[in-house]
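Novice: Give me a model of this one.
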Amino acid sequence: MTSRSHHHQARVALSPVTLSRIPVRCVAAATTAVTLAMVLVASPIATPALQAQANLSTQGFGYATGQFSSRAQGTGGAVAELDPLSPVNPASISVLASRMLFFQVEPEYRTVTSGAGTDRTTTARYPNVFGAMPIAQNLVVSFGASTLLDRTATTIFNTTEFLSTGDSIPMSTTYRVDGAMDDLRLAAGWAPASWLRVGLGAHEIVGHNLIALTESFADSETYKPFTQTRVLGFSGPAMSGGFQLLSKWLTAAASMRQGGVLHMDASDTVLSSARVPNRYGASLAFTGLANSFLAIRTSRDNWSALNGLGSNKVVGVDSWDTSVGADVAGPTIGEHIVSLRAGFRDRTLPFEAAGQKVKETSFSGGLGTAFAAGRVLTDFALVHANRSAPSLGTTEHAWTISVGISVQP
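Specialist: Numbers count the residues shown, from 1 in each chain. Next up, the predicted model:
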């Protein structure tokens with residue numbers, strides 16, 4: 001399964017909330033159930049009038065990494081429909097001639113700028129791991145886990161609580177969400193002819209959000225800190241299929257994922273249901289140069305299918321994800337070719353921030369080569385993304401380093 005380790009913190013200043021309560025902890029306990037339900041879908045940026053910054057990318061149920069391998073990241077995702085290391089088109093795994101294990105790591109360094117200043121965060125992701133094995137002539141099976149949506153964030157804000165006695169006390173509230181939706185895929189790819197590849201995949205979308213709420217007070221002697229945690233889980237099936245058509249100069253490919261019912265539960269109790277988002281993608285690549293690809297890809301993601309899984313404040317955005325890129329043969333080191341990559345990507349992120357769509361454009365570059373007599377393949381990509389929601393007056397810039405290692409045991 002995909003594992004991840006995150007460090008992310010954003011500080012947001014909200015307007016004071018007036019409560020009449022005796023004592024403080026009684027009201028905290030009474031409101032925690034409502035608060036925890038809201039935390040899952042609360043935007044780190046709540047309104048344009050906030051006096052501090054958080055982020056634009058991990059709204060709603062999280063940030064969509066794209067499920068691209070490091071190779072595909074280097075091309076902006078343009079070769080994802082052709083890349084066996086990206087769990088996008090199951091037909092692509094049919095090109096693997098031997099057993100393979102693949103692991104990927106992607107730290108992201110994010111800077112958010114608003115009228116209140118600048119906030120910097122780091123998130124370490126492990127978005128893709130899988131293994132593949134040929135089982136018959138031109139037939140390959142694989143099993144892997146990849147990140148569909150990643151959401152890990154900590155939001156801290158300060159308020160002043162007013163007591164029924166007329167007194168007031170400063171209070172600090174910390175919301176922490178640590179979670180993701182992962183895509184477990186069992187796939188098979190078959191090449192029945194030299195010009196045709198087809199594939200099918202069975203998916204289970206799983207994951208969880210660990211939600212923690214902590215209230216602490218300036219007068220820690222009189223009012224003790226209050227902490228409560230809750231774990232929300234996700235599960236639902238999906239199916240995928242795809243094909244590739246090959247000629248001497250061009251390769252065309254397309255794939256789709258059809259989602260089933262997705263449940264959100266807590267302690268084995270179903271809280272709400274929606275559907276796994278459908279996805280449709282297609283690409284065209286020029287392959288007339290040896291060991292080189294010039295490709296364009298677009299996909300349509302039906303993120304609004306997740307509406308209703310959380311509160312009505314979660315608004316999924318059905319969006320296009322389009323990229324153009326190149327993966328070309330470069331210099332030779334020893335007996336191995338170094339592949340050079342570059343790409344551009346334009347898309348809308350899955351969830352709104354304060355009612356506004358978030359746009360992302362990114363430029364990427366990378367390289368890849370083989371070691372150990374061709375049994376170890378290493379890919380490296382560097383991605384610079386710009387994210388914005390113009391009317392919020394907030395921008396986000398991120399550098400992502402993607403490293404993928406493939407081993408043929």
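Novice: Walk me through which strands the strand or helix carrying residue 320 pairs with, and which way each runs.
Specialist: Using DSSP states H and E, the element containing residue 320 is strand 319-333. When pairing is defined by DSSP bridges, strand 319-333 lines up against strand 293-301 (antiparallel), strand 336-348 (antiparallel).
Novice: Need the residues that contact it.
Specialist: For strand 319-333, contacts defined as Cβ atoms under 8 Å, 6 or more residues apart in numbering pick out 66, 71, 74-79, 289-301, 303, 337-350, 364, 367, 369. (Each C-beta comes from the backbone N, C-alpha and C, glycine too.)
Novice: And the buried ones among the residues you listed, selectable in ChimeraX?
Specialist: To isolate the buried members of the contacts of strand 319-333 in ChimeraX, using 16 or more other Cβ atoms under 10 Å:
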select :66,71,74,75,76,77,78,79,292,293,294,295,296,297,298,299,301,303,337,339,340,341,342,343,344,345,347,348,349,350,364,367,369
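Novice: nearest spatial neighbour of residue 102, skipping sequence neighbours?
Specialist: Leaving out its chain neighbours, the residue that sits closest to residue 102 by Cβ to Cβ, 6 or more residues apart in numbering is residue 406, at 4.7 Å.
Novice: which residues does the one you found contact?
Specialist: Here residue 406 is in contact with 85, 100, 101, 102, 376, 377, 378, 379 (criterion: Cβ under 8 Å, 6+ apart).
Novice: thinking again about what came up before, check the model's average confidence along the strand holding residue 320 for me.
Specialist: Averaging pLDDT along strand 319-333 yields 95.
Novice: One more: stretch 235-250?
Specialist: On average, stretch 235-250 scores 97.
Novice: possible to save the strands paired with strand 319-333 as a markdown table with mean pLDDT and distance to residue 259?
Specialist: Below are the strands paired with strand 319-333 laid out as a markdown table (pLDDT from 0 to 100; distance: least, Cβ to Cβ, whole Å):
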| stretch | mean pLDDT | distance to residue 259 |
| --- | --- | --- |
| strand 293-301 | 97 | 11 |
| strand 336-348 | 96 | 19 |
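Novice: quick one: least confident helix or strand in this structure?
Specialist: strand 10-11 (a mean of 36; mean pLDDT, DSSP states H and E).
Novice: doesn't residue 386 fall inside a strand?
Specialist: Yes - counting by DSSP: H, G, I helix; E, B strand; the rest coil, residue 386 is located in a strand.
Novice: Does it touch residue 362 like I think?
Specialist: Yes - the pair residue 386 / residue 362 is scored as a contact, 7.1 Å apart, by Cβ atoms under 8 Å.
Novice: Between the two, which is the more surrounded one?
Specialist: Between residue 386 and residue 362, residue 362 has the larger neighbour count (other Cβ atoms under 10 Å), namely 20 against 13.
Novice: If the more buried one is in a bridge, with which residues?
Specialist: Beta-bridge partners of residue 362, as defined by DSSP bridges: residue 345, residue 385.
Novice: Tell me who's in contact with it.
Specialist: For residue 362, the contact set (Cβ under 8 Å, 6+ apart) comprises 76, 344, 345, 383, 384, 385, 386.
Novice: For the second one, which non-adjacent residue is spatially closest?
Specialist: Take residue 344 and drop its neighbours on the chain: the residue closest to it by Cβ to Cβ, 6+ apart is residue 76, 5.2 Å away.
Novice: roughly how far apart are the one you found and residue 294?
Specialist: 12 Å (Cβ to Cβ, to the nearest Å).
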